[in-house]
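Engineer: have a look; sequence and predicted model below, questions after that.
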Amino acid sequence: MLAADPGASVAAIAAETGVDRRTVYRRFASREELLAAIYEARYDAVERVVEDSRLREAPVAVALHRYVEGIIGVNRKWPVELTRMKADEAIRERRDGLIREVDTFLQRATDEGLLRADTPTAWASSLLPQLMHLASQELPELSAAQAADMVVDTFLRGLGTE
């Protein structure tokens with residue numbers, strides 16, 4: 001609901017979930033507290049994806065597909081407006097740590113010859129999330145695994161060495 005209408009009221013959110021708004025307010029003191037809980041849950045899920053993808057130790061192609069598939073799943077489960085998330089300092093710090101982790105992985109992919117060395121890591125780091133976002137939103141008929149196949153193929157054909 002918040003993906004469709006980031007300004008949705010607590011009353012509307014409560015009605016959509018089939019509870020009274022007082023029930024929501026018993027758990028969350030304010031709309032901002034509810035949003036913070038949603039953002040935190042999303043980042044918890046993203047951190048699990050990064051951990052489960054084994055970006056540091058799994059073969060690069062395997063880790064890339066695991067990561068992309070997992071993030072597409074998170075994007076579909078938690079389709080919240082990300083700009084507001086960046087305003088929260090704690091979330092921003094977590095996000096920056098995850099970006100560093102993925103950038104390190106992308107540099108590893110370049111070092112191991114999966115990505116072209118003549119393309120800046122910053123370009124790959126910017127392109128990959130955009131492709132995952134597009135696949136999450138524009139390919140709802142595909143499973144997360146199928147959408148990941150398309151993203152990885154597109155990413156590697158554009159930035160790969162083959």
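Structural biologist: Now that the structure is in, tell me what you want to look at.

Engineer: buried set for the helix or strand hosting residue 153?
Structural biologist: Secondary structure from DSSP states H and E places residue 153 in helix 144-159. Of the residues in helix 144-159, 144, 147, 148, 149, 150, 151, 152, 154, 155, 156, 159 count as buried by neighbour count, 16 or more other C-beta atoms under 10 Å. C-beta here means a position set from N, CA and C on the backbone, and glycine is covered the same way.

Engineer: what is the neighbour count of the residue nearest to the second one when sequence neighbours are not counted?
Structural biologist: For residue 147, the nearest residue in space outside its immediate sequence neighbours is residue 135; the separation is 4.1 Å by C-beta to C-beta, 6 or more residues apart in numbering. Residue 135: 26 surrounding residues under other C-beta atoms under 10 Å.

Engineer: need phi/psi at residue 135.
Structural biologist: phi -60, psi -40 (degrees, to the nearest 10).

Engineer: pretty sure it contacts residue 72?
Structural biologist: Yes: using C-beta atoms under 8 Å, residue 135 is in contact with residue 72, at 5.6 Å.

Engineer: mind listing the shared neighbours of the two?
Structural biologist: Shared contacts of residue 135 and residue 72 (C-beta atoms under 8 Å, 6 or more residues apart in numbering): 147, 148, 151.

Engineer: so what's the last one up against?
Structural biologist: Translated: residue 151. Applying C-beta under 8 Å, 6+ apart, we find residue 151 in contact with 68, 72, 128, 131, 132, 135.

Engineer: cheers, nothing more for now.
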